[in-house]
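1. turn this into a structure:
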Amino acid sequence: MDSEKKEKDMGVNSVAVVADLGESFGNYTIGNDEALLDLVTSSNIACGFHGGDPRVLDKTVAECVSRGIELGAHPGYPDLVGFGRRLIEASEEEIRTDVLYQIGALDAFARVHGGKISHVAPHGRMGSIAQTDAKHARAITDAVAAYDPSYIVICQQGLLAEESRKRGLEVGYVFLADRGYGADGWPVARSHPGGLIYDPQAIGDRVAQVVRDGTVTTVDGEVVPLGHDADIVLLHGDHPTVLENGTALRAALDAEGIRATGLRDVLAEKAALAAR
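-> Below you'll find the model as predicted:
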């Protein structure tokens, strides 16, 4: 916390804005990617396991590259029915190879369209359990480090961040803009009262608060330290008011003079300020 506070005091005043994209599948449409592309600086693109298919991947990557939006891999469990939000009992080897497979799929489309993957953001239940489960954290970071150690790992505080650093991987801390948080600085369950936020203005205000002050207002109305930096703020693409949420979020950042930019720009700014 001391180093994070120092960075804020030294003037880090930017954040990346990301949405989960490319989660449609076949005849099923999830979210409104076309409109979201006007609001984000980075992307988490589904790689075909919890959502997405080759046609959706191709179109999503092409749109992001043409607009200069950072490409991020969004690997999840092989769980189309549950949208990757159910726990799958998988071995460490299965998790590692599933993640590796999905990164490779996105990278194929990135190369064809002249882009490059910037980061990896594990999706849904796989991503949340990796913060506290060593098997998942090891498997995910082993896959990333083996494929391309220049990729940033998107995570919260916990084991996924620790295992990333053990492997020399850079970490980007994420704040879930449309999710409620508890007093421990972690998101509460979606089923918890206040676990999903439907007020766009409240989403914008809380993002500005997190970036500006490093604090979050909990589902019980208590203001607590987030516990980690907010390098990148996430909008869930399947949220019913995601466009309103994104518009309010960008307006709140503008009102506070906070620059919305790519994740690599944010982390470079942090590193430069910390080195002074």
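
2. same for whichever helix or strand residue 266 is part of, what does it pack against?
-> Under the criterion of DSSP states H and E, residue 266 resides in helix 263-274. Taking 3 or more CB pairs under 8 Å, 6 or more residues apart in numbering; DSSP states H and E as the contact definition, the neighbouring helices and strands of helix 263-274 are helix 2-9, strand 14-21, strand 117-120, strand 152-155, strand 171-176. Heads up, the C-betas are built off the backbone N, CA and C, glycines and all.

3. ok, now with 10 Å
-> Using 3 or more CB pairs under 10 Å, 6 or more residues apart in numbering; DSSP states H and E as the contact criterion, the neighbours of helix 263-274 among helices and strands are helix 2-9, strand 14-21, strand 42-46, strand 117-120, strand 152-155, strand 171-176, strand 232-235, strand 259-260.

4. flag the shaky bits of the protein, pLDDT-wise.
-> Counting by pLDDT under 70, the chain has low-confidence residues at 1-12.

5. so who does the closest residue to residue 129 other than its chain neighbours touch?
-> For residue 129, ignoring the flanking residues on the chain, the nearest one in space by CB to CB, 6 or more residues apart in numbering is residue 136 at 5.3 Å. Shown here is residue 136, whose contacts under the criterion CB atoms under 10 Å, 6 or more residues apart in numbering are 90, 92, 95-96, 99, 122, 125-130, 159-160, 163.

6. bridged to the spatially closest residue to residue 242 that is not a sequence neighbour, which residues?
-> For residue 242, the nearest residue in space outside its immediate sequence neighbours is residue 235; the separation is 5.6 Å by CB to CB, 6+ apart. When bridges are taken as DSSP bridges, the partners of residue 235 come out as residue 19.

7. hang on, the earlier thing: in helices, which of the contacts of residue 136 appear?
-> 92, 95, 96, 99, 125, 126, 127, 128, 129, 159, 160, 163 (DSSP state H).

8. put the buried members of the residues you listed into a ChimeraX selection.
-> In ChimeraX, a selection of the buried entries from the ones in helices among the contacts of residue 136 looks like this (16 or more other CB atoms under 10 Å):
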select :95,96,99,125,126,127,128,129,159,160,163
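
9. dump the ones in helices among the contacts of residue 136 into JSON lines; add distance to residue 206 as well.
-> Compiled in JSON lines, the ones in helices among the contacts of residue 136 are given as follows (distance: CB to CB, whole Å):
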{"residue": "92", "distance to residue 206": "36"}
{"residue": "95", "distance to residue 206": "32"}
{"residue": "96", "distance to residue 206": "35"}
{"residue": "99", "distance to residue 206": "30"}
{"residue": "125", "distance to residue 206": "24"}
{"residue": "126", "distance to residue 206": "25"}
{"residue": "127", "distance to residue 206": "20"}
{"residue": "128", "distance to residue 206": "19"}
{"residue": "129", "distance to residue 206": "24"}
{"residue": "159", "distance to residue 206": "26"}
{"residue": "160", "distance to residue 206": "23"}
{"residue": "163", "distance to residue 206": "29"}
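
10. what's the closest of the ones in helices among the contacts of residue 136 to residue 221?
-> Closest approach to residue 221 among the ones in helices among the contacts of residue 136 (CB to CB): residue 128, at 23.8 Å.

11. that closest one is in contact with residue 156, isn't it?
-> Yes - under the criterion of CB atoms under 10 Å, residue 128 is in contact with residue 156, at a separation of 8.6 Å.

12. related to what we said a few turns ago, of the contacts of residue 136, closest to residue 142?
-> Closest approach between the contacts of residue 136 and residue 142, by CB to CB: residue 96, at 5.2 Å.
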